[in-house]
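Asker: Pasting a predicted model and its sequence here:
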Amino acid sequence: MKEVKRAKDDFLKSRANTTGSAITRFVSTALFLWALVLFSSNTAAQSQSSYDSGRGISPAYEGWVLNEDGSYTLLFGYMNENWKQELNVPIGPVNSFSPGPADRGQPTHFLPRRNRNVFGIKVAADFEGELVWTLINGDGVTQTAYGSLLKDYVLEPITIMSESGTVAGGFSNSDDVQSNAPPTVILHGDNMRMVRVGQPLQLEVTIVDDGKPDYRTYRRYAPLDEDETPRKRLEKALRPPIRGTVDRVVGMTFSWFVYRGNGEPSYDTLQVKTWEDTRAFQNSPWSPFWDPPEMPEDGVVRTETIFQEPGEYVMRGRADDGGLTGHVDVTVRVIE
């Protein structure tokens, strides 16, 4: 967005210096800015090649990682086919694991689109067979994901970062990516809270990270040419990059979102999307023209949230360093 703003400012300055009547300059600028708005709207509409609502969810098995104690963790995610609708699927026959306990820590609140490596299930070193996650959508369609220790499903940090778009553009061999460690999120206070409807709840965490990988944006590979006209530079800045694979802005973010629970709380600060919203000009690391917000130097993030509906919620706070993630969960009981 910084490049877009700079290019837009340069264009407007050039219009102010253009010869001709004030009316001519005004009409020219107004028409161009109107075209800019239409361009932005069309870009978002074209990238939204699916549905805003009314579609279902598919569970996904991402793969397994080897733990230091010799055990394994099976990682799961999902694909919500909607671009806007967030779905709630309670634990039970319509959202269950087998064999064994139906509740394995999976979400019941599903954010839009692709969400990778959402939760993990730890299994013993001698685990054999499969863990099956079943979701039954509202139209009765059953979707399943099968978790196993097949060697083809092994996950390394570089694999996780590659699939999420961190290493797009040939950065897989850089030291800042290869040596990256996931951030740690430390919750201040109890992980069980109770609050009334409409009463502010203070959530505070400290994020500890190694400062890797290095920050980068989409525009790092397409710098603006100072010799081009202001109009040409603005058009270039507004042109979304062509992406053959998943790509993203790399930088630290932290967000709270509902992991379990039917309501949608409000926040005192805008929460960066944790799902892959690839449309231009969205509040998402996967969105062209997006810049990450500045993080506190001491790593302490304070958020105030207000619930409008009673019930029990699991709120997840997720830190994303642009490659790997860490999270903390808080169970909140909201009463009248």
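Answerer: Nice, thanks for sending it over. Worth saying up front: this structure is predicted, and the values here are computed from it rather than measured. Numbering: from 1, shown residues only.
Asker: for residue 161, phi and psi?
Answerer: Per-residue torsions, residue 161: phi -70, psi -30 (degrees, to the nearest 10).
Asker: Spit out the contact partners of it.
Answerer: Residue 161 makes contacts with 167, 172, 177, 180, 213, 323, 324, as judged by C-beta atoms under 8 Å, 6 or more residues apart in numbering. All C-beta atoms are positioned from the backbone trio N, CA, C, and that covers glycine.
Asker: got CSV for those, with neighbour count and pLDDT too?
Answerer: Output for these, formatted as CSV (neighbours: other C-beta atoms under 10 Å; pLDDT from 0 to 100):
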residue, neighbour count, pLDDT
167, 24, 82
172, 14, 61
177, 21, 90
180, 24, 94
213, 23, 93
323, 25, 94
324, 20, 97
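Asker: okay if I get those as CSV plus secondary structure and distance to residue 99?
Answerer: Below are these laid out as CSV (DSSP: H, G, I helix; E, B strand; the rest coil; distance: C-beta to C-beta, whole Å):
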residue, secondary structure, distance to residue 99
167, coil, 36
172, coil, 38
177, helix, 38
180, coil, 36
213, coil, 39
323, coil, 34
324, coil, 31
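Asker: Max pairwise distance over these: which two?
Answerer: 172 and 324 (14.0 Å; C-beta to C-beta).
Asker: before we move on, the earlier item: what is the nearest of the contacts of residue 161 to residue 128?
Answerer: residue 324 (28.6 Å).
Asker: For the closest residue to that closest one other than its chain neighbours, grab the count of nearby residues.
Answerer: Leaving aside its sequence neighbours, residue 324 sits nearest to residue 182 (C-beta to C-beta, 6 or more residues apart in numbering; 3.7 Å). Residues lying near residue 182 (other C-beta atoms under 10 Å) number 17.
Asker: For residue 182, give me its contacts.
Answerer: By C-beta under 8 Å, 6+ apart, the neighbours of residue 182 are 157, 321, 324, 325, 326.
Asker: Do I have it right that the first one meets residue 180?
Answerer: Looking back up the chat, that one is residue 157. Yes - using C-beta atoms under 8 Å, residue 157 is in contact with residue 180, at 6.6 Å.
Asker: Can you give me the pLDDT of the residue nearest the centre of the chain?
Answerer: Centroid-nearest residue in the chain: residue 274, 2.2 Å away (criterion: C-alpha atoms, centre = their mean). Each residue has a pLDDT score; the one for residue 274 is 98.
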